[in-house]
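>>> Sequence and computational prediction follow.
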Amino acid sequence: MLKLNPRAVAAQLELSRLEVGRGAPGSAVQFAEQAVTTEPGNPLARVTLARTLLLKGDLARAEVELKILIANYPNAAPVIAGMGSLQMLKNEPAAARLSFERAQKADPESFEALVGLVSLDVAAKKMPGVRARLEARLARTPDDAKVLVFAVGIYANGGDLPGAERTLLKALEVAPDSLQAYGMLG
């Protein structure tokens, strides 16, 4: 049983991540809860629990977890970005933008902050800002496969098919094992 293994928390968190990828937020929450029960003071376990609760749509419980995390780790980008995600889901775009900007300031390479800010810009139909934000990030981290794959989707949805193709080819060059990138080939 996982709870008896000293590496149980790492296994539980990995199982939670895999369940998220499978599209099973309920199971992901269960594994994250087991990790928090095993190690209540583990910040990664709590962040994972908050993220999976957000995916499941349990905003009230996610907010409780995020408030605990903010109290203990007020300058941690994953925690601040998690609060931004909660605020987005609660339809509080101004507060969400402030949180994502704060997370990005704490960690300029925060993927969650980038996704949150781009999502807010897309929702507000600020496409030139989206392009500028993505291009600035790609200039700083040109070999970040996660960012490249994310940018492909944004470019394609924005009608920039040449930009999407160019970025997809770069993503495949950087991460030839990326199933997500290959899935975009169409």
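That came through fine.
>>> State the distance from A123 to A156.
For A123, the distance to A156 equals 17 Å [C-beta to C-beta, to the nearest Å]. Using the backbone N, CA and C atoms, a C-beta is placed for each residue, glycine as well.
>>> Between those two, point out the one with more neighbours.
A156 (17 against 11; other C-beta atoms under 10 Å).
>>> mind saving the C-alpha coords of the helix or strand where that one lies as CSV?
When elements are assigned from DSSP states H and E, A156 belongs to helix 145-157. What follows is helix 145-157 as a C-alpha-only set of coordinates in CSV (Å, rounded to 0.1, in the frame of the first residue of the first chain):
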residue,chain,number,x,y,z
ALA,A,145,8.4,22.6,-25.1
LYS,A,146,5.5,23.3,-22.8
VAL,A,147,5.4,26.9,-23.9
LEU,A,148,5.9,26.0,-27.6
VAL,A,149,3.0,23.6,-27.5
PHE,A,150,0.8,26.1,-25.7
ALA,A,151,1.7,28.8,-28.3
VAL,A,152,0.8,26.5,-31.2
GLY,A,153,-2.8,26.2,-29.9
ILE,A,154,-3.1,30.0,-29.3
TYR,A,155,-1.7,30.8,-32.7
ALA,A,156,-3.9,28.3,-34.5
ASN,A,157,-7.1,29.4,-32.6
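>>> Double-check V147 against E112; I have them as touching.
No - counting by C-beta atoms under 8 Å, V147 stays clear of E112, with 11.6 Å between them.
>>> who touches the least confident helix or strand in the chain by mean pLDDT?
Lowest by mean pLDDT, DSSP states H and E among the helices and strands of the chain is helix 179-183, with a mean of 83. Outside helix 179-183, the residues within contact range by C-beta atoms under 8 Å, 6 or more residues apart in numbering are 145, 148-149, 152, 168, 171-172, 175.
>>> mind running it again at 10 Å?
With contacts defined as C-beta atoms under 10 Å, 6 or more residues apart in numbering, helix 179-183 is touched by 21, 145-146, 148-150, 152-153, 167-176.
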